[in-house]
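> missing the sequence, but the structure's below:
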Ligand code: ATP
């Protein structure tokens, strides 16, 4: 579904990601874990076509960008990117950190916006299915999104992405800043979603990531430092502790 090779992202003098490769197979749920500043968000943004990068990104077997090499030079220029909205219509749908909802639109109207990115695909989740997945949104259908709690906003953002019929759903820190109860609601929804949709997830909550994902990449300083199945990563708690400063064995 997704094949990323030798990805690098820089912001002026700052190198955020360097030489990163990862894959997400059809039907797989993969998580990127890592400390602040490891390059996780930059990786998702590059895959989604939102920031310039070098390296190859192939989605559903087709390249999303092509690198060019300057004549008489080995230096690589940033790839010519497919615009993010076109990638979304092709089924590569990102739920960004901070959710980016239309604050003045209602819950229902925000969900309706998501349907415009379907690109002719039949969605697993229509609007009714989103309300079934997140029952607490039912009573909020007519509520403007600026007045929702962070957890409710995250549910709307995930719902809006789902009704776009994603072939690969990418989520940036979906549990960040949520109450423990809403972390549980979102984690439970992701377990349901991954049964029908390929998922690439950035999470700072190690327990959530290990619980949901089939496979994990642990990032630090712009690159992948460990990878394996969630079981393998959880079993290597000393290494996880070194990279994330968190013990998983205690959970
Ligand atoms: P966090 O969990 O804190 O969001 P992250 O692993 O997602 O961290 P990134 O947000 O990708 O990491 O940041 C990687 C590096 O790139 C950091 O040093 C960050 O300060 C820098 N960076 C990110 N965005 C920009 C930007 N727009 N301009 C300049 N530097 C940036």
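Yes, it's here. For clarity, every value in this text was computed on a predicted model and none was experimentally measured.

> helix/strand/coil for residue 224?
Under DSSP: H, G, I helix; E, B strand; the rest coil, the three-state class of residue 224 is strand.

> switch to numbering from 40
Sure thing, new numbering starts at 40, so read that last one as residue 263.

> What's opposite it in the beta bridge?
residue 258 (DSSP bridges).

> And the one 5 residues further on, by the same measure?
When bridges are assigned using DSSP bridges, the partners listed for residue 268 are residue 254.

> List the contacts of it.
Shown in contact with residue 268 (Cβ atoms under 8 Å, 6 or more residues apart in numbering): 253-255. All C-beta spots, glycine's among them, are computed from the backbone N, C-alpha and C.

> before we move on, what about residue 128?
So residue 128 contacts 156-158 (Cβ under 8 Å, 6+ apart).

> got CSV for the residues you listed, with neighbour count too?
As requested, the contacts of residue 128 are exported to CSV (neighbours: other Cβ atoms under 10 Å):
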residue, neighbour count
156, 20
157, 16
158, 13
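
> And those, which is closest to the ligand?
Closest approach to the ligand among the contacts of residue 128 (Cβ to the nearest ligand atom): residue 156, at 23.9 Å.

> Chain neighbours aside, what residue packs nearest to that closest one?
residue 203 (3.9 Å; Cβ to Cβ, 6 or more residues apart in numbering).

> can I assume that neighbour is in contact with residue 151?
No: using Cβ atoms under 8 Å, residue 203 is not in contact with residue 151; the gap is 11.1 Å.

> Show me which of the two is the more surrounded one.
residue 203 (24 against 14; other Cβ atoms under 10 Å).

> pLDDT wise, what is the more buried one at?
Here the pLDDT value assigned to residue 203 is 93.

> Can you name the residues of the stretch 40-189 of the chain that neighbour the ligand?
Taking Cβ under 6 Å from any ligand atom as the contact definition, the stretch 40-189 of the chain meets the ligand at 50, 53, 55, 73, 75-81.

> one more time with 5 Å, if that's ok
Proximity of the stretch 40-189 of the chain to the ligand (Cβ under 5 Å from any ligand atom) is limited to residues 50, 53, 55, 75-81.

> and those residues, which of them are in strands?
Among these, the ones falling in strands (DSSP state E) are 50, 53, 55.

> Buried members of those into PyMOL, please.
A single PyMOL command suffices to select whichever of those are buried according to 16 or more other Cβ atoms under 10 Å:
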select buried, resi 55
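
> Can you tell me which of the ones in strands among the residues of the stretch 40-189 of the chain next to the ligand comes closest to residue 219?
Taking Cβ to Cβ as the measure, residue 219 sits nearest to residue 55 out of these, at 30.5 Å.

> list the contacts for the closest residue to the closest one other than its chain neighbours?
Nearest non-adjacent residue to residue 55, counting by Cβ to Cβ, 6+ apart: residue 81, 3.9 Å away. Residues counted as contacts of residue 81 (Cβ under 8 Å, 6+ apart) are 48, 55-56, 90.

> Please enumerate the helices of the stretch 40-189 of the chain.
79-86, 123-128, 146-154, 166-172, 189-201 (DSSP state H, counting those that start in this stretch).
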